[in-house]
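# Build me a model:
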Amino acid sequence: QVTAAALAEIVSAARAAGFNLQFERRYSYWVEFAALPYYAFAITSASLGLLALGMASVGLYGLMTFSVHQRVREIGVRMALGATTDHVVRLFVREGLGLVSVGLGLGLAGGGLFALALSKITAGMVNAFDPIAFAAVTLLFGAIAAFACWLPARRATKVDPLVALRTE
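I've put the predicted structure just below:
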């Protein structure tokens, strides 16, 4: 660690030798300054990723709500024939998560291939494949998808079967 007294001594020795030496900023300042564009890029990428996750979640919720709404009559028939609310909810959650699992599988494969291609392009600089990030995003979207499938189905089972049979 360089102290202020040591820097002052170096400046006085340089002046005695005829040089005008000034210490304005530490080297760490310039390192952080040079890294600012990368921080900005990382923040922008994370923001766009969160926006995409939010849009995908809202889209999935809307799709599941529409799908459940289209099948209200079927839900009414199932409930009138003795199906429990848990059985109906499980049916819709299973169907929704089946579609989500296909999407997650394709997304993981595409993301993995993209990360592999990116690490080949930037050889030696960056390892684009981060298994922890891939797992975290997959689990997060899986949980959001389960909730997005569960909520509309749960709401649809609250409808009286006679009312559901009359709708068309």
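# which strands and helices sit next to whichever strand or helix holds residue 55?
For residue 55, the host element (DSSP states H and E) is helix 27-70. Here helix 27-70 touches helix 85-121, helix 131-156, going by 3 or more Cβ pairs under 8 Å, 6 or more residues apart in numbering; DSSP states H and E. All C-beta atoms are positioned from the backbone trio N, CA, C, and that covers glycine.
# what's the neighbour count on residue 137?
17 (other Cβ atoms under 10 Å).
# how close does it get to residue 41?
19 Å (Cβ to Cβ, to the nearest Å).
# Then residue 31?
Plainly put, residue 31 is 17 Å away from residue 41 if you go by Cβ to Cβ.
# Any regions of the protein where pLDDT drops low?
Scanning the chain for pLDDT under 70 picks out 1, 124-126, 167-168.
# follow-up on the earlier one: and the helices and strands packed on helix 27-70, which is most packed in?
Highest mean neighbour count among those (mean count of other Cβ atoms under 10 Å): helix 131-156, with a mean of 16.
# Report the distance from the helix or strand that comes right after that one to the chain centre.
Sequence-wise, the next helix or strand downstream of helix 131-156 (DSSP H and E) is helix 161-166. For helix 161-166, the separation from the chain centroid amounts to 39 Å (computed by Cα atoms, centre = their mean, to the nearest Å).
# Give me the residues contacting helix 161-166.
Applying Cβ atoms under 8 Å, 6 or more residues apart in numbering, the external contacts of helix 161-166 come out as 72-73, 75-77, 79-80.
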